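Q: When you get a sec, could you give me coordinates for this:
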Amino acid sequence: MLHFFLGCSAYLIPISIFVVYMCLIPNVINYREQACLFFVGNFIKLIFAVFLIWFFVFLYSENISWFFYLSGLFFSLKGYLLLLIFKRFM
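A: Predicted structure coming up:
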């Protein structure tokens with residue numbers, strides 16, 4: 001169960017930081033620079049996510065459950081699709 005949450009947090013932590021970053025941008029700069037900062041922020045988010053994936057594997061390398069770790073990562077990446085599927089049936 002811990003490995004599932006580690007896999008989820010390896011993507012959810014960088015995406016939440018990116019969302020806060022994107023909410024602060026319109027208050028500081030104009031619209032033309034926002035597109036450039038979006039791509040820079042997205043690149044930093046991806047680098048940070050890869051670092052967290054590596055760090056969690058390095059931290060729990062002896063007893064990591066790869067199935068739960070990768071399934072947590074998968075569900076955090078595809079969570080919006082699951083919400084759309086379940087919303088359709090409600």
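Q: Please give the element, helix or strand, for the most centrally placed residue in the chain.
A: Nearest to the geometric centre of the chain sits residue 11, at 2.5 Å (CA atoms, centre = their mean). Using DSSP states H and E, residue 11 falls within helix 2-24.
Q: tell me which helix or strand of the chain sits lowest on mean pLDDT?
A: helix 79-89 (a mean of 72; mean pLDDT, DSSP states H and E).
Q: rewinding a little: ok, for the residue nearest to the centre of the chain, nearest residue in space, not its chain neighbours?
A: residue 76 (4.4 Å; CB to CB, 6 or more residues apart in numbering). (Each C-beta comes from the backbone N, C-alpha and C, glycine too.)
Q: tell me, how many neighbours does that neighbour end up with?
A: 19 (other CB atoms under 10 Å).
Q: ok, now how distant is it from residue 9?
A: 8 Å (CB to CB, to the nearest Å).
Q: now residue 32
A: Noted for residue 32: a distance of 34 Å to residue 9, by CB to CB.
Q: which of these two has more neighbours?
A: More crowded of residue 32 and residue 9, by other CB under 10 Å: residue 9, with 16 against 7.
Q: Done for today, thanks.
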